[in-house]
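Peer 1: have a look; sequence and predicted model below, questions after that.
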Amino acid sequence: MPPDAAMPHIATVTLSPALDLTIRLPRLQPGEVNRTGPAELRPAGKGINVAVMLAVLGEPSLAAALLGEGDIPAFEAFLRPLGIASEFVPLPGRCRINVKLVETEAGQVTDINPGGPQASEEALRQLGARLAARAPDIVVLAGSLPPGLPVDAWAALMRVLSADGRKLLLDTSGPALEAALPAGPALLKPNRAELSALLGRPLPDRAALIEGARALRRQGVERVVVSDGGAGALFVLPDATLWARPSKVALTTTVGAGDAMVAGLTAALARGLDAEATARLATGCAAAAVSRDVGAAGGGVPLLSEIERLAAAAEVTPL
Ligand SMILES: O=P(O)(O)OC[C@H]1O[C@](O)(CO)[C@@H](O)[C@@H]1O
C-alpha cells in the first residue's frame, strides 16, 4: 500500500500477540477447584496494548502484528471501534492465550504466557515490507518473539524500518533485547530486572540504576526509561534526568502497566514534550492502567481525564 498522508504517524508492532484471559479471585487454591466470577478475554500483547492506550490519549495508530489467522477477525473487531488501523500478517493456527491470575487479597498477579503459533522469517519480512510502505514516523516494537524466529528478529525488523529519521521505540527483554541494541533504538524502557539482566550486574539502588541507564545512553540510545513498579520510574532523557513517582492508586492489576507507560512515552515523543511533561504523561498512563476496572466493559480501558489527573499528581524530582 502506498504511503498516505492520512495514515497514522505512529505504528506499533507485536510479533507475539495474545488473547489475555484475566481471572480475578481472592486467593488461588493450588490443586483445588477454584470457582470465580466471569473471566475477561481480550486481544492483547504489548504493541496492541500500546495502541489501545494511544487511542485513549487521542493518538491514532496502526497496530501491526504476526497473528494466528483464526484470530484476525476478533482483533480487527476490537481495534476498529477504537480508531486503530491494523496490518496483520497471518500465521497458521490461533494466537496464544495468556492467563493473568489476579489475586485480590495479596494484590498479586501471576502471568502464564505460553508460546504462540510458529512464525517464519518470510512472515517477518512481509510485515517489515508492509510497515515500511505505510511510512510511519514512530514505530513501537514491543513484546517477546514467537517460536520460529531467530533471536535477532527485532534487530532485523528495525534495520528495515530505520530510514528517513524514523524513531524506533523498543520494549522487549532478554536475548532479544541484547540482540536489538546495535540496531539503534531511540528509546528503551526496560524494568529494573530487565536492565540488570542486559547489563549483567545487579542494580541494587537508585545510583546503580542511573549509571545503568547512562551506560545505554553511551551506547547511543537517546532516551532510557527504567520502570520500577510502584516506586515509579527513572527517565534519562536528552534534556534532563528525572525520577517520577506515581500518586497512590488502588491496584487492580499490574498487567499492561509497562505498555501504558510506553504509550505515554510515545505520545510525548510525537508531541515533542519536554522531560518533565514526558515523565508526568508516562507515569499518569501507568498509574491509570494499574487501577483500571478489569471487569468493566471493554476491559476497563482508563479514561483520559483519569490519566490527566494522575499525570498532574505524580511527584517528579530532578536528579
Ligand atoms: O510478549 P510477552 O513478553 O509474552 O508479553 C505479553 C503479555 O504482556 C502484556 O502485553 C502485558 O504487558 C500482556 O497483555 C501480554 O499477555
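Peer 2: The structure has been received and is ready for your questions.

Peer 1: can I get stretch 35-47 in PDB, CA atoms only?
Peer 2: Output of stretch 35-47 as PDB, limited to C-alpha atoms (Å, rounded to 0.1, in the frame of the first residue of the first chain):
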ATOM      1  CA  ARG A  35     -14.600 -21.000  41.200                       C
ATOM      2  CA  THR A  36     -14.600 -17.400  40.200                       C
ATOM      3  CA  GLY A  37     -16.800 -14.700  38.700                       C
ATOM      4  CA  PRO A  38     -16.700 -14.100  34.900                       C
ATOM      5  CA  ALA A  39     -13.300 -14.100  33.300                       C
ATOM      6  CA  GLU A  40     -12.300 -11.500  30.700                       C
ATOM      7  CA  LEU A  41     -10.800 -12.500  27.300                       C
ATOM      8  CA  ARG A  42      -9.400  -9.700  25.200                       C
ATOM      9  CA  PRO A  43      -7.000  -9.100  22.400                       C
ATOM     10  CA  ALA A  44      -3.600  -8.000  23.800                       C
ATOM     11  CA  GLY A  45       0.100  -8.300  23.500                       C
ATOM     12  CA  LYS A  46       2.500  -5.500  24.200                       C
ATOM     13  CA  GLY A  47       2.100  -3.500  20.900                       C
END
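
Peer 1: distance between it and the chain's centre?
Peer 2: Relative to the chain's own centre, stretch 35-47 is displaced by 17 Å; criterion: C-alpha atoms, centre = their mean, to the nearest Å.

Peer 1: near the ligand at all, that stretch?
Peer 2: Yes: for stretch 35-47, a contact with the ligand is found by C-beta under 6 Å from any ligand atom, at 44-46. All C-beta spots, glycine's among them, are computed from the backbone N, C-alpha and C.

Peer 1: TSV for the residues you listed, including pLDDT, secondary structure and distance to residue 161?
Peer 2: Formatted as TSV, these follow (pLDDT from 0 to 100; DSSP: H, G, I helix; E, B strand; the rest coil; distance: C-beta to C-beta, whole Å):
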residue	pLDDT	secondary structure	distance to residue 161
44	96	strand	23
45	97	coil	18
46	97	helix	17
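
Peer 1: which of those residues has the most neighbours?
Peer 2: In terms of neighbour count, residue 45 stands highest of the residues of stretch 35-47 next to the ligand at 30 neighbours, by other C-beta atoms under 10 Å.

Peer 1: show me where pLDDT drops low in this structure?
Peer 2: Counting by pLDDT under 70, the chain contains low-confidence residues at 1-8, 293-299.

Peer 1: spell out which parts of the stretch 51-200 of the chain neighbour the ligand.
Peer 2: 98, 113, 143-144.

Peer 1: give me the phi and psi for residue 200.
Peer 2: phi 70, psi 30 (degrees, to the nearest 10).

Peer 1: tell me who's in contact with it.
Peer 2: By C-beta atoms under 8 Å, 6 or more residues apart in numbering, the contact set of residue 200 is empty.

Peer 1: give the closest residue to residue 101 in space, chain neighbours not counted.
Peer 2: The shortest distance from residue 101 to any non-neighbouring residue, by C-beta to C-beta, 6 or more residues apart in numbering, is to residue 110 (4.3 Å).

Peer 1: try residue 14
Peer 2: residue 47 is the one closest to residue 14 (C-beta to C-beta, 6+ apart), at 3.5 Å.

Peer 1: ok so, going back, tabulate the residues of the stretch 51-200 of the chain next to the ligand (CSV), appending secondary structure and neighbour count.
Peer 2: Shown next, in CSV, are those (DSSP: H, G, I helix; E, B strand; the rest coil; neighbours: other C-beta atoms under 10 Å):
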residue, secondary structure, neighbour count
98, strand, 20
113, coil, 16
143, coil, 27
144, coil, 19
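
Peer 1: need those residues in CSV with distance to residue 289, can you?
Peer 2: Conversion of these to CSV gives the following (distance: C-beta to C-beta, whole Å):
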residue, distance to residue 289
98, 16
113, 18
143, 16
144, 19
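
Peer 1: off-centre distance for stretch 113-123?
Peer 2: Distance of stretch 113-123 from its chain centroid, counting by C-alpha atoms, centre = their mean, is 19 Å.
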